[in-house]
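*Asks:* Got a predicted structure here, sequence first:
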Amino acid sequence: MDHYITINKRNYSVETLKLLTGRTILKESVKGLPEELLLLCEVIDNPHLLPFYIETFYRMKITDEEAFRFSLIRVQIDSDLRVNEDIQKHQQRKYVVRTIEKLLYSDLLLEDIHELILESE
């Protein structure tokens, strides 16, 4: 059963927020999470919203770009690890974060690392 936390009158999945922040336990400071992380949480948990938020993500001022990118990478890794639990859910989550990463950073960091590893072999 998924637990939710209310921030600014909107409900967010605690599990998704923990994944995005890289924390195993959420503290009281969740109220101070950046807007882009909360929006990402919404879109990850409801991938069908992505087409409506593309421009928002593209134009949004990211508070900490490196931390945001690591959030995207954590979701990709988690989705790969859990794909057998619910194939459709985790494929959609991975699609969402890869699309956002490509939109904002013009490449996919995990894909670049994988290519470097293959080249070195």
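*Replies:* Nice, I can see it. Model, not experiment: these values are computed from the prediction.

*Asks:* Which strand or helix spans the most centrally placed residue in the chain?
*Replies:* What sits nearest the mean C-alpha location of the chain, by C-alpha atoms, centre = their mean, is residue 72, with 4.1 Å. According to DSSP states H and E, residue 72 maps onto helix 65-82.

*Asks:* for residue 63, same thing?
*Replies:* Using DSSP H and E, residue 63 falls within no helix or strand.

*Asks:* Ok, residue 11 next?
*Replies:* Assessed by DSSP H and E, residue 11 sits inside strand 10-13.

*Asks:* CA atoms only: put that strand into PDB for me.
*Replies:* Provided in PDB are the C-alpha atoms of strand 10-13 (Å, rounded to 0.1, in the frame of the first residue of the first chain):
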ATOM      1  CA  ARG A  10      -1.600  18.100  -3.300                       C
ATOM      2  CA  ASN A  11      -0.900  14.500  -2.500                       C
ATOM      3  CA  TYR A  12       2.500  12.900  -3.400                       C
ATOM      4  CA  SER A  13       3.700   9.300  -3.100                       C
END
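
*Asks:* Send over the following helix or strand past that strand as PDB, restricted to the C-alpha atoms.
*Replies:* Heading C-terminal from strand 10-13, the first helix or strand you meet, by DSSP H and E, is helix 14-21. This file holds the C-alpha atoms of helix 14-21, laid out as PDB (Å, rounded to 0.1, in the frame of the first residue of the first chain):
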ATOM      1  CA  VAL A  14       6.100   9.000  -0.200                       C
ATOM      2  CA  GLU A  15       7.900   6.100  -2.000                       C
ATOM      3  CA  THR A  16       8.400   8.200  -5.100                       C
ATOM      4  CA  LEU A  17       9.600  11.200  -3.100                       C
ATOM      5  CA  LYS A  18      12.100   9.000  -1.300                       C
ATOM      6  CA  LEU A  19      13.400   7.700  -4.600                       C
ATOM      7  CA  LEU A  20      13.600  11.200  -6.100                       C
ATOM      8  CA  THR A  21      15.500  12.700  -3.100                       C
END
